Structures are given as structure tokens and as C-alpha cells.
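**Student:** Give me a 3D structure for the following:
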Amino acid sequence: MMRRVWLASYLKSGSTWFRVLLANTLNGGGAPVRINALPDSQLASSREMFGRETLIEAGLLTHEEADRLRPRIYENLAAIARGNRELRAPSFAKVHDAYVRLPNGEPLLAGARGADGAIVIVRDPRDIAISLARHMGKDVDGAIAMMGDADMSLSARSDRQPQQLRQRMLSWSGHVESWLDQTDIPVHLVRYEDLHGEPATTFASALEFAGMLRPDDLVARAIAHSAFSNLKAQEQEDGFLERPNQMTDAGGFFYRGESGAWRRDLSAVQVARIETAHAGIMRRIGYRLSNE
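**Tutor:** Numbering: from 1, shown residues only. Reported below is the predicted structural model:
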């Protein structure tokens, strides 16, 4: 069994749903896990974790200074996980950063010293554009521009202290390629569309990669408990603590959970912009262009 695994994804690719699936699997099949009580899956960019591990307030540092300390944090957390012989499941850590390197050549995420592997969750960028627009409080054209920005970072402003450290996302293509092309740690690719269309096979394969073999009936029950209808009902009842402040859409964080909505919701011009910018990596991971 792997001791520490990155859950890596570009924004709005399905990592929250994957975390719910994991939680319901580890829960052993009882009542569905509440979305506001998900087990801690360590957020790599957590400012609170940075302070706890370094005893330094990140607001006193520049983004570059904080980045130089981050590999040591992940290295230490991985050592703790590897030394815990009672650990019954990997220590999963959610990360939106691209797999980038510091000026000295060291991986920001500490390479093999920071995790044993990565489950990389991807989604059709045409569908991401729709979901990202809602998530960021932008229009779709703004979301498409954001996805094409090779220098895009989250929490990068210096005039305030967000809850998270800066995360260098790169463009959508750059983000996906950075994870697939690195050779420091093994990667297991999960496509949102496969998780949606064939959840049992796709999720079980990801668990197997991490060394978490689970009975078919437990996986099936976890999938049933993680249905979007259940997650949406929970959000309507209790809200969702991870919903971003900039999201003003009344539809909620767990909105439709569908794939292929771009065919209905995007204009031909918007589709062309996305496909022109990202055709190479789209084809590489199996997303057909609209004219193919």
C-alpha cells in the first residue's frame, strides 16, 4: 500500500467528488458521510498547515520564500505517513498546483520524498469552462481565458492573506502535462467522464493503484452514497463549507455533475477557442475534438 498519495487536479475536475467517494469507502458502508465532515485529506496549499509545520506565519514571507519551504513540509508529512505502521489507508493530500520546480530545480512537491504516487483527475476542458465560470464568479469567456493563461496562479495577490498559499496552476494543458510528464512518482490517470460513466471500474482501479483493495460490494455502496443527488440534498440542507465566497450562483457547489454539457451550453466560437488552445493534450488523454 502506498503511504502518501497526491490527489492532483485542475480546478473543477472532480476532486471533491473523488474525496467523497474515498470517504464513503473508508467509512465501511454505513450511512453516507456528510459533506461537511469529510475526513481531513490535507490540502497541500493550506496556510494553516504551513504555519503549523514551519512555525512561521506565511504572511511574513513572499510567495517565493514560502515555496522554498514547502518541499520540506511535504517531505516531513510523507516520512510520518511512511513510519506509521498502523495506517490502514494512504494519507491522501489534495493539490491544485501544477507539478512545477523551484529555481534550484527541486520539485515544489518534493518529488518521491513528498508522496509515493499521484492520482491525477482530469475532465474535458469544455465542461470545465462552464463549471469554472460558476465557481469563480466569471462569465464563460473569462473562464476560457483563465484556462489558457500559462502564468495563472491561485491566491497570488500580495495585498491580502487568503486562506491558501499561492498555487501555480499554469494553463489547463500545462497543468495536465506537468503531472503526466514528470518522472519522479508514478501516476494513475482518472478521467471524470469515466468516473461518471463507469464508476465501479474506474474508482476500483484508482484504489488498486494506491494499494487499497476493497470488496466490490463496499465500492458499490460507496458509489451509491456519493451520488450527486445525495450530495446536492446535503448541501441544500446544511450548506457546504468548501463553497467559495465568489460563487454567487444559487445552484450550489454540487450543481449538475454531468459530462458533455458543453454541447448544450457553449457557443461554437467558445468551443473553438478551447479546442485551439488545448487540442494536443485533449487528444492525448482521449477527448475528441468537435470536428472529429
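
**Student:** Might you list the low-confidence residue ranges for the stretch 1-150 of the chain?
**Tutor:** For the stretch 1-150 of the chain, the stretches with pLDDT under 70 are 29, 39-41.

**Student:** redo that, cut-off 80
**Tutor:** 28-31, 33-42, 135 (pLDDT under 80).

**Student:** if I've got this straight, residue 126 is in a helix?
**Tutor:** Yes. Looking at residue 126 with DSSP: H, G, I helix; E, B strand; the rest coil, it is inside a helix.

**Student:** measure it to residue 143 for me?
**Tutor:** Remark: distance between residue 126 and residue 143 (CB to CB, to the nearest Å) = 11 Å. From N, CA and C alone the C-beta is placed, and that goes for glycine too.

**Student:** ok, now residue 152?
**Tutor:** Distance of residue 152 to residue 143, computed by CB to CB: 11 Å.

**Student:** of these two, who's got more company?
**Tutor:** Between residue 152 and residue 143, residue 143 has the larger neighbour count (other CB atoms under 10 Å), namely 25 against 21.

**Student:** isn't that one right next to residue 133, touching?
**Tutor:** Yes. Residue 143 lies in contact with residue 133 (CB atoms under 8 Å); the separation is 4.0 Å.

**Student:** what are the phi and psi angles of residue 87?
**Tutor:** When read as degrees, to the nearest 10, the backbone of residue 87 gives phi -70, psi 120.

**Student:** what's the burial count for the closest residue to residue 124 other than its chain neighbours?
**Tutor:** Among residues not flanking residue 124 along the chain, residue 287 sits closest, at 5.2 Å (CB to CB, 6 or more residues apart in numbering). Residue 287 sits with 20 neighbouring residues when counted by other CB under 10 Å.

**Student:** and what of residue 96?
**Tutor:** Residues lying near residue 96 (other CB under 10 Å) number 21.

**Student:** so what's it up against?
**Tutor:** Going by CB atoms under 8 Å, 6 or more residues apart in numbering, residue 96 touches 8-11, 44-45, 154, 167, 169.

**Student:** Check which residues of the strand or helix carrying residue 275 are buried.
**Tutor:** Using DSSP states H and E, residue 275 sits within helix 268-284. Buried residues in helix 268-284, counted by 16 or more other CB atoms under 10 Å: 270-271, 273-275, 277-278, 281-282.

**Student:** Determine which two of those are furthest apart.
**Tutor:** Pairwise distances across the buried residues of helix 268-284 peak at 18.1 Å for 270 and 281 (criterion: CB to CB).

**Student:** Give me the spatial nearest neighbour of residue 220, chain neighbours excluded.
**Tutor:** Residue 220 sits nearest to residue 200 (CB to CB, 6+ apart), 6.1 Å away.

**Student:** er, residue 1 I mean
**Tutor:** In this structure, residue 1 finds its nearest non-sequential neighbour in residue 211, 3.3 Å apart by CB to CB, 6+ apart.

**Student:** what's the spacing between the one you found and residue 290?
**Tutor:** Per CB to CB, residue 211 is found 39 Å from residue 290.

**Student:** Secondary structure element for residue 17, which one?
**Tutor:** helix 15-26.

**Student:** For that helix, name the packing helices and strands.
**Tutor:** strand 4-9, strand 91-95, strand 117-122, helix 199-209, helix 216-225, helix 228-238 (3 or more CB pairs under 8 Å, 6 or more residues apart in numbering; DSSP states H and E).

**Student:** Dump the shortest one to CSV, keeping only the CA atoms.
**Tutor:** Extracted as CSV, the C-alpha positions of strand 91-95 are listed here (Å, rounded to 0.1, in the frame of the first residue of the first chain):
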residue,chain,number,x,y,z
SER,A,91,-2.6,9.6,3.5
PHE,A,92,-4.3,11.5,0.7
ALA,A,93,-3.4,15.1,0.0
LYS,A,94,-5.4,17.3,-2.3
VAL,A,95,-3.3,19.6,-4.6
